[in-house]
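Undergrad: Curious how this folds, go ahead:
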Amino acid sequence: MTEPVKTMEDAPHLGDPLPTPDPAPGCGRCEQLAVQRTAARAEGDWTRVTDCNIEMRRCSHTRPGGAR
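TA: Modelled structure (predicted):
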């Protein structure tokens, strides 16, 4: 029979958060996302702030040949 574990594991190390992305110059989609992000931040909607940051990072302006 095994002994029950009586201690907790170490806390996970999640790393540093990514920096807030800047909208790409001339990209209308990034500019819209920046406006939405500012409004979400003012409302305290941190989930939407994160969503805008993710969408901005994934915007096609950053992909080769996908410049807008």
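Undergrad: residue ranges of the helices in this structure, please?
TA: 28-43, 46-58 (DSSP state H).
Undergrad: Touching the longest one from outside, list them.
TA: This means helix 28-43. For helix 28-43, the surrounding residues in contact (Cβ atoms under 8 Å, 6 or more residues apart in numbering) are 23-24, 46, 48-49, 52-53, 55-56, 59, 61, 68. C-beta here means a position set from N, CA and C on the backbone, and glycine is covered the same way.
Undergrad: which among those residues gets closest to G15?
TA: Nearest to G15, judged by Cβ to Cβ, of those is N53 at 15.7 Å.
Undergrad: Next, count neighbours for the nearest residue to the closest one once chain neighbours are set aside.
TA: In space, N53 comes closest to P21 once its chain neighbours are excluded; the distance is 5.8 Å by Cβ to Cβ, 6 or more residues apart in numbering. Burial of P21, expressed as a neighbour count using other Cβ atoms under 10 Å, amounts to 19.
Undergrad: hang on, H61 packs against A24?
TA: Yes. Taking Cβ atoms under 8 Å as the definition, H61 is a contact partner of A24 at 4.3 Å.
Undergrad: looking at the helices of the chain, which is closest to L14?
TA: Checking those against L14 by Cβ to Cβ gives helix 46-58 as the closest, at 14.0 Å.
Undergrad: Now render the helices of the chain as JSON lines, adding mean pLDDT.
TA: Shown next, in JSON lines, are the helices of the chain (pLDDT from 0 to 100):
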{"stretch": "helix 28-43", "mean pLDDT": "97"}
{"stretch": "helix 46-58", "mean pLDDT": "96"}
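Undergrad: Minimum distance to M8: which of those has it?
TA: Of all these, it is helix 46-58 that lies closest to M8, at 27.7 Å by Cβ to Cβ.
Undergrad: tilt between that closest one and helix 28-43?
TA: 160 degrees (axes from the mean of the first three to the mean of the last three Cα atoms, to 10 degrees).
Undergrad: what's next to helix 46-58, contact-wise?
TA: Here helix 46-58 has contacts from 18, 20-21, 23, 29-30, 33-34, 36-37, 40-41, using Cβ under 8 Å, 6+ apart.
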